[in-house]
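K.L.:
no sequence for this one, just the structure:
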């Protein structure tokens, strides 16, 4: 995470190279501008029609509208209003423009070409267009192989803002009793990165339900995978695991389609539950699905559920175990309902009671 102010010499060197190549020039006031006319590809990222845009001579700000395209500033001459912010350069004291910083820093740490460059959709123009122009004009190489731009977050279909009263932080979400894991799932499942993500509290409830299904499924798979005699070794046929994860690779290869990945996961869950219920699910399959889950979770980062059982709930659970042993099933049902009121569910299995978050 480099600080821009630590790389002023690299920026000055890059600007100097652009001046040498006639892609930039020093203005009468001592500032340096990139000459857009020297770069015929300008506008390629946003598919701008340069012929129909009103071209200004120079734009001294870091931001400008599409209707006012003009030569953009690489180095701003120092003025009294800048105070202590200023560095020496061959063109006099001043400071770098916003765009040149990113090219200089990325070239320093990643080289003259980048495989993947991301950013918010609002940075497409002018920032990323200007990065392409100044970088490729300096090196003659394609600056970025793949761009991806992330859309903005909405809340209940509206832009998040303090004035609308819908500005939430992670702390706000946690204060309502949700976990970070549930928030992560909600954000992952809400939309493709290139579409607006609409955050809702119902979405958080849906995330909680989905994670409960995933956790229950994983526990059942683990139980099946470890049901062999101690010391037994299970050999998983390579093709079995390969077939399971094939859809995962295809979904991720299609523009990081996380929704399709989650759809595949719940297909696994439905299919394996049915096979286990029917007694057709083998130990080899269980191990294959566990390996597939590990690969999937290395991408999603949902991890294990860390559950802390409140003392009040544990006391009721222990009391219920005692009344069930005494075959007082009416009292057992009462205790189950009391536990559910506290936000937990009890599932009776052959191995005893299983407690799950509600």
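P.N.:
Cool, got the structure. Just so it is clear, the model here is predicted, and its values are computed rather than measured.

K.L.:
and the longest helix belonging to the chain, which residues are buried?
P.N.:
If you go by DSSP state H, the chain has its longest helix at helix 201-225. For helix 201-225, the neighbour count (16 or more other Cβ atoms under 10 Å) marks 203-204, 206-208, 210-212, 214-215, 217-218, 220-221, 224-225 as buried. All C-beta spots, glycine's among them, are computed from the backbone N, C-alpha and C.

K.L.:
same deal with stretch 83-93?
P.N.:
Neighbour-count burial for stretch 83-93 flags 89, 91 (criterion: 16+ other Cβ under 10 Å).

K.L.:
helices and strands of the protein: which one bottoms out on pLDDT?
P.N.:
Between all helices and strands in the chain, the lowest mean by mean pLDDT, DSSP states H and E belongs to strand 56-59, at a mean of 66.

K.L.:
so what strands line up beside the helix or strand following that strand?
P.N.:
Where DSSP states H and E defines the elements, the next helix or strand beyond strand 56-59 is strand 70-77. Taking DSSP bridges as the criterion, strand 70-77 forms sheet pairs with strand 32-34 (antiparallel), strand 56-59 (parallel), strand 94-96 (antiparallel).

K.L.:
so who does residue 43 touch?
P.N.:
With contact taken as Cβ atoms under 8 Å, 6 or more residues apart in numbering, residue 43 is in contact with 49, 50, 69, 129.

K.L.:
now it, what's its secondary structure?
P.N.:
Of the three states, residue 43 takes coil under DSSP: H, G, I helix; E, B strand; the rest coil.

K.L.:
I'd assumed residue 240 was in contact with residue 292.
P.N.:
No - applying Cβ atoms under 8 Å, one finds residue 292 not in contact with residue 240, separated by 9.6 Å.

K.L.:
quickly list the domain ranges of this protein.
P.N.:
The chain breaks down into these domains under automatic domain parsing: 4-150, 155-300, 311-357.

K.L.:
what's the offset of the one helix or strand residue 106 maps to from the middle of its chain?
P.N.:
Residue 106 belongs to helix 98-110 when elements are defined using DSSP H and E. For helix 98-110, the separation from the chain centroid amounts to 23 Å (computed by Cα atoms, centre = their mean, to the nearest Å).

K.L.:
and for stretch 198-214?
P.N.:
In terms of Cα atoms, centre = their mean, the centre of stretch 198-214 is found 17 Å from the chain centre.

K.L.:
do stretch 238-256 as well
P.N.:
For stretch 238-256, the separation from the chain centroid amounts to 20 Å (computed by Cα atoms, centre = their mean).

K.L.:
what does stretch 203-219 give?
P.N.:
20 Å.

K.L.:
now tell me what touches it from outside.
P.N.:
173, 176, 178, 181-183, 185-186, 189-190, 262, 265-266, 268-269, 272-273, 293, 302, 305, 356-357.

K.L.:
quick check on those residues: which are buried?
P.N.:
Among the contacts of stretch 203-219, those classed as buried by neighbour count (16+ other Cβ under 10 Å) are 173, 178, 181-183, 185-186, 189-190, 262, 265, 268-269, 272-273, 293, 302, 305.

K.L.:
now, which of those lie within helices?
P.N.:
Those of these mapping onto helices are 173, 181-183, 185-186, 189-190, 262, 265, 268-269, 272-273, 293, per DSSP H.

K.L.:
for these, which one is nearest residue 107?
P.N.:
residue 190 (34.8 Å; Cβ to Cβ).

K.L.:
in contact with the closest one, which residues?
P.N.:
Listed by Cβ under 8 Å, 6+ apart, the contact set of residue 190 reads 197, 198, 199, 203.

K.L.:
rerun that using 6 Å as the cut-off
P.N.:
residue 197 (Cβ atoms under 6 Å, 6 or more residues apart in numbering).

K.L.:
if I look at it, how far off is residue 235?
P.N.:
Per Cβ to Cβ, to the nearest Å, residue 190 is found 40 Å from residue 235.
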